[in-house]
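Asks: When you get a sec, could you give me coordinates for this:
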Amino acid sequence: MIYEMRTYTLKPASVAKFEEEFAKSYEVRQKYSKMAFLGHTEIGPLNQVVHIWPYEDLNQRQEIRAQAAKDPSGLWPPHVGDLEMEMQSDITFPAPFMRPLDGTPQALGGIYEMRIYTYRTGAIPEVIKLWSEAVPYREKYSPLVTAMYTDLGGLNKWIHTWPYKDLGERGRIRAEANKDPHWPAPTQHLLVKQENKILIPASCSPLH
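Replies: All right, here's what the predicted structure looks like:
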């Protein structure tokens, strides 16, 4: 299983229009394969939308994308090119302990915090080991949605996503979890860079 994470930076004040047009087009696109998540940034780099797509492998990704682009409706891809300023695609592999995301609707939270850590070259196997030991303790407080690492795109990235009801719950849960002696996973010595984004799920997102 692979996950493609596509990050689009849009023109200011165009997120709502993008999500509206995307939702219309997704009615066609999901005939070929389902999306796992779509949301926009509320905190972090503004005017971004992030969508995540599961595929069996790169060959299936190529085949499905080609089929969808030929749909006779002409609705895919969405007609939003005039709203886009920059597009980025990362191909990721899930960690062994990540629960699969197949596009099944799940109501997990009103906000999603996506944390993107860049680790030293060659560190990902050690990161997976240390996280696999620590995650069961962290999930006593809230579930883990993604734990995946990049294979194509920006390399050495570790992308983990956590759902919360709201920012208040995020603050409370993080404070409680950080008191646990088993959390966070002891990977600080391997870190190069840390980023985070607070994402609001779109109306058509399976995760919401």
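Asks: Whichever strand or helix holds Ile159 pairs with which strands, and in what direction?
Replies: Following DSSP states H and E, one finds Ile159 within strand 157-164. Partners of strand 157-164 in the sheet, by DSSP bridges, are strand 111-119 (antiparallel), strand 146-152 (antiparallel).
Asks: Could I get the CA-only coordinates of stretch 158-173 as CSV?
Replies: The C-alpha trace of stretch 158-173 is given here as CSV (Å, rounded to 0.1, in the frame of the first residue of the first chain):
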residue,chain,number,x,y,z
TRP,A,158,7.7,11.4,8.7
ILE,A,159,4.1,12.5,8.5
HIS,A,160,1.9,11.8,11.5
THR,A,161,-1.7,13.1,11.9
TRP,A,162,-3.9,13.3,15.0
PRO,A,163,-7.6,14.2,15.1
TYR,A,164,-9.1,16.3,17.8
LYS,A,165,-12.6,17.8,18.5
ASP,A,166,-11.1,21.3,18.7
LEU,A,167,-8.0,23.2,19.7
GLY,A,168,-9.0,23.0,23.4
GLU,A,169,-9.1,19.3,23.3
ARG,A,170,-5.8,19.2,21.4
GLY,A,171,-4.1,21.3,24.1
ARG,A,172,-5.5,19.1,26.9
ILE,A,173,-4.6,15.8,25.3
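Asks: still on that earlier bit, will you turn the strands paired with strand 157-164 into JSON lines that also has distance to Pro96?
Replies: In short, each C-beta sits where N, CA and C put it, glycine included. Shown next, in JSON lines, are the strands paired with strand 157-164 (distance: least, Cβ to Cβ, whole Å):
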{"stretch": "strand 111-119", "distance to Pro96": "17"}
{"stretch": "strand 146-152", "distance to Pro96": "9"}
